[in-house]
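Q: I'd like to go over a predicted model; first the sequence, then the structure.
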Amino acid sequence: MAAEGPRYQRIADLLREEIRSGTWKPGDRLPSHSELADQMQVSITTARNAIQVLVAENLLYTATSRGTIVRSQEVLESVVTNHIRPDRPKSSHDIFSEIGRAAGREPSKQFTARMEPAGAEVAMWLGIAKDSWVMSRTVVQYLDNEPWSWEVSFYPRDLAEATGIDSPHDIPEGTTRRLAERGFVETAHRDTVAARPATAEEAAVLGVGTGTMLLDHLRIGASADRITRVTRHRSIAARNRLAYELGDDDGTEMIRRVLGTPQPPGNSHYFGNSLVPGPP
């Protein structure tokens, strides 16, 4: 351990080097704060501060039931236009599950739903009156149990009731498919992507330090007749990359070949999602 600097920083430097050298691998559980304090002969506060340094650097995250866990340093690339591809295979999984599995990760989620009055911002996005009832569906998404993204979608009440999206349960195939099956095909989307620091609430949900840069992806979906929903998807900027594929199939396949992203063997459809090494 280096002889200079505060004790917590020296411990963080040591753990960082061990993570980078592979002593601690993604998914490994580090010693608890008290165990680390005993090993390093420091106070629990010093050990906790050292861990927080590495949480802020996105090297670790904390899980209530599992302790402090080493984060994956790979980057998930998501082709966000895939869910509206006409040749997308029918599946009982939503697009996030497809992305995760295509990348060799195990997806899971925590889901909640409630009916609530629309705030001014949501009302503007949906083109409805403020305080109109909307269905809010919230999903915290995980890959290999690691907090990955936080998605909240809002639907006008009448549309939610007409399509069964007012259900208190998750919809395994995803709401885009559910809307289409019930006669409300989304034919247009407007996407806005911004990079900004995480609020305290977002940091707590995603297991990162306050101020960590997030990708804030806002999508408004519509049919020819109405706005169908608005979805806000937040993820860690350093671990996620968004791609759009626009144009005909032949041109799209040419781009994939040049980029070295061929169709997986035995699958007639390419989802265009992959994990690539992150920065050292």
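A: Looks like it came in fine.

Q: quick one: the helices in the stretch 51-200 of the chain?
A: Shown for the stretch 51-200 of the chain, the helices assigned by DSSP state H, counting those that start in this stretch span residues 95-102, 120-126, 157-163, 175-181, 200-206.

Q: and for the third one, what's in contact with it?
A: Put plainly, it is helix 157-163. For helix 157-163, the external contacting residues (CB atoms under 8 Å, 6 or more residues apart in numbering) are 115, 132-135, 165-166, 178-179, 182, 184, 226, 228-229. Quick note: C-beta positions are derived from backbone N, CA and C, even for glycine.

Q: likewise for stretch 113-132?
A: Outside stretch 113-132, the residues within contact range by CB under 8 Å, 6+ apart are 133-138, 154, 156-157, 166-169, 218, 220, 226-227, 229-230.

Q: go with 7 Å
A: Applying CB atoms under 7 Å, 6 or more residues apart in numbering, the set of residues contacting stretch 113-132 from outside is 133-137, 154, 156-157, 166, 168, 220, 227, 230.

Q: of these, just the buried ones, PyMOL syntax please.
A: Command for PyMOL, covering only those of these found buried under the criterion 16 or more other CB atoms under 10 Å:
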select buried, resi 134+135+136+137+154+156+157+166+220+227+230
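
Q: now tell me which helix or strand of the chain has the poorest mean pLDDT.
A: Counting by mean pLDDT, DSSP states H and E, the weakest-scoring helix or strand in the chain turns out to be strand 274-276, with a mean of 43.

Q: report pLDDT for the nearest residue in space to residue 185 that is not next to it in sequence.
A: Closest residue to residue 185 apart from its sequence neighbours, by CB to CB, 6 or more residues apart in numbering: residue 223 at 6.1 Å. Among the per-residue scores, residue 223 holds a pLDDT of 92.
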